[in-house]
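> here's my sequence, what's the structure:
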Amino acid sequence: MTKSNHIFAGIEGKHNEFEHANVLLQSIPYDGTSTWGKGADEGFEAFLDAAENMEIYDIETESEVYKKGVHIIDPILEDTSPEAMFESVYKSTKELLKTNKFLTFFGGEHSISIGVIKAFYEAHPDITILQIDAHADLRPQYHGTPYNHACAVYDASKNANLVQVGIRSMDTSEVQYLDKDKCYFAEDMYGHSAWMEDSIGKMTDKVYITLDLDAFDPSIMPATGTPEPGGILWNPMIQYLKKVFQQKNVLGFDIVELAPTKGLSAPQFMTAKLYYKMLSYKFANS
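Okay, the predicted model is just below:
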C-alpha cells in the first residue's frame with residue numbers, strides 16, 4: 001500500500017500506519033468537468049489544514065476517534081479525461097476493498113464518486129447508495145461523457161438501491177430517472193424530521209454514503225462550485241448521519257465539492273468536523 005506524507009489531524013503515531021489504521025483516506029482531486037465554480041481540486045489540502053486545528057475530543061460520542069487510525073494513501077491524480085479518471089478510481093477502489101479497511105474518499109468534484117460506487121455495488125450487490133446532495137445528478141451523460149459531475153449517481157440508480165436526500169435542483173431530462181419514493185426534496189424536509197426515519201427505512205443494511213457539500217445551505221457552506229439556497233443546516237445533518245450510522249452498516253463514504261474560498265476558513269473547518277463526526281459515529285461503540 002502506497003503511503004502519503006500527510007498525517008491526519010497532524011498527530012503522529014503508530015495508529016496512522018497502514019497495519020494499525022482502521023480507516024483509509026484517499027484524495028481524488030479531479031475537477032475536470034465542473035461547469036461553474038472551480039477549485040474542488042484544492043479542497044483536500046484545505047481540509048487537512050483545518051483538521052490539524054480542530055479539537056479531537058468528540059463531545060457527543062465521548063470519544064477520540066483519531067486513535068482508530070486514519071491512514072492517508074496516495075491520491076489519484078489522473079486527469080487526462082473523465083473516462084481515464086473513472087477507470088483509475090474504479091480499479092483502485094476494487095483493490096482497496098480487499099484491505100477490509102473502512103474506506104473514505106475526498107474530492108474533487110462529484111464525478112469522482114462514480115468509479116468508487118461501482119466498485120462498492122459490485123462487491124456488495126445488496127448495498128444502498130445514500131446520496132446527500134443539492135442536485136439530482138441523474139443525467140446519463142453530460143457534455144459528451146457519462147463521467148461528468150452531473151451524472152454522479154445515474155449508474156448507481158440503475159445498479160443499486162439509491163436513496164437521495166436534500167435534492168433541490170435538477171434538469172427536466174432527469175425526471176424520468178428519478179424514483180420519487182426514494183428522493184427527499186429539501187422543501188419537503190423543512191420544519192420536521194419524519195424524513196429521517198422514512199428514508200432510513202428504505203435502505204438495505206449495507207450503506208455507502210456520497211455526500212456533496214452543496215447539500216448544506218450556502219449560508220454555512222458557500223465554498224462549493226454550485227451553491228443552492230434552501231439546504232440542510234449543521235445540526236439536522238449530523239442528527240441524520242448519526243441515525244444512519246447507528247441503524248445501518250455503513251461501509252464507506254466520500255465527501256466532495258469543497259472549493260476553498262480565499263480568506264474564508266469556516267467551510268473547510270466544517271468539512272473537517274463533518275469527516276471527524278462521521279468517523280466518530282462509525283466507531284462509537286467499538
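> would you mind pulling the contact partners of stretch 216-225?
Under the contact criterion CB atoms under 8 Å, 6 or more residues apart in numbering, stretch 216-225 has outside partners 34-40, 109, 212-214, 227-234, 237, 257-261, 264, 266-268, 270. Quick note: C-beta positions are derived from backbone N, CA and C, even for glycine.
> try 6 Å
By CB atoms under 6 Å, 6 or more residues apart in numbering, the surrounding residues in contact with stretch 216-225 are 34, 36-37, 213-214, 227, 231-233, 257, 259-261, 267.
> list the buried residues for that stretch?
The neighbour-count check on stretch 216-225 (16 or more other CB atoms under 10 Å) flags 216, 217, 218, 221, 222, 223, 224, 225 as buried.
> any idea how far that stretch is from the chain center?
In this view, stretch 216-225 has its centroid 15 Å away from the chain centroid, taken as CA atoms, centre = their mean, to the nearest Å.
> pull the CA atoms of that stretch into PDB?
Only the C-alpha atoms of stretch 216-225 are listed here, as PDB (Å, rounded to 0.1, in the frame of the first residue of the first chain):
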ATOM      1  CA  PHE A 216     -25.600  22.200   3.100                       C
ATOM      2  CA  ASP A 217     -27.200  25.600   3.000                       C
ATOM      3  CA  PRO A 218     -24.800  28.100   1.400                       C
ATOM      4  CA  SER A 219     -25.200  30.300   4.500                       C
ATOM      5  CA  ILE A 220     -22.900  27.800   6.200                       C
ATOM      6  CA  MET A 221     -21.200  26.200   3.200                       C
ATOM      7  CA  PRO A 222     -20.600  28.800   0.500                       C
ATOM      8  CA  ALA A 223     -17.400  27.200  -0.700                       C
ATOM      9  CA  THR A 224     -18.800  24.900  -3.400                       C
ATOM     10  CA  GLY A 225     -18.900  25.100  -7.200                       C
END
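> average model confidence for it?
If you average the pLDDT over stretch 216-225, you get 96.
> same deal with stretch 151-162?
Summarised as a single mean, pLDDT over stretch 151-162 is 98.
> now do the phi/psi pair for residue 183.
phi -120, psi 130 (degrees, to the nearest 10).
> apart from its neighbours in sequence, what residue is nearest residue 274?
Closest residue in space to residue 274, ignoring its immediate chain neighbours: residue 255 at 6.8 Å, by CB to CB, 6 or more residues apart in numbering.
> can you map out the helices along the chain?
43-51, 82-97, 112-123, 154-159, 186-189, 194-200, 234-247, 266-282 (DSSP state H).
> wait, which of those helices is closest to residue 67?
Residue 67 lies closest to helix 266-282 among these, at 10.7 Å (CB to CB).
> quick one, the closest one and helix 43-51 angle?
For helix 266-282 against helix 43-51, the angle between stretch directions is 80 degrees (axes from the mean of the first three to the mean of the last three CA atoms, to 10 degrees).
> which strands and helices sit next to helix 266-282?
If you count contacts as 3 or more CB pairs under 6 Å, 6 or more residues apart in numbering; DSSP states H and E, helix 266-282 packs onto helix 43-51, helix 234-247.
> on that earlier part again, from residue 81, how far off is the residue nearest to residue 274?
Using CB to CB, to the nearest Å, residue 255 is found at 24 Å from residue 81.
> neighbour count: the two, which is higher?
residue 255 (25 against 13; other CB atoms under 10 Å).
> this completes my enquiry, with thanks.
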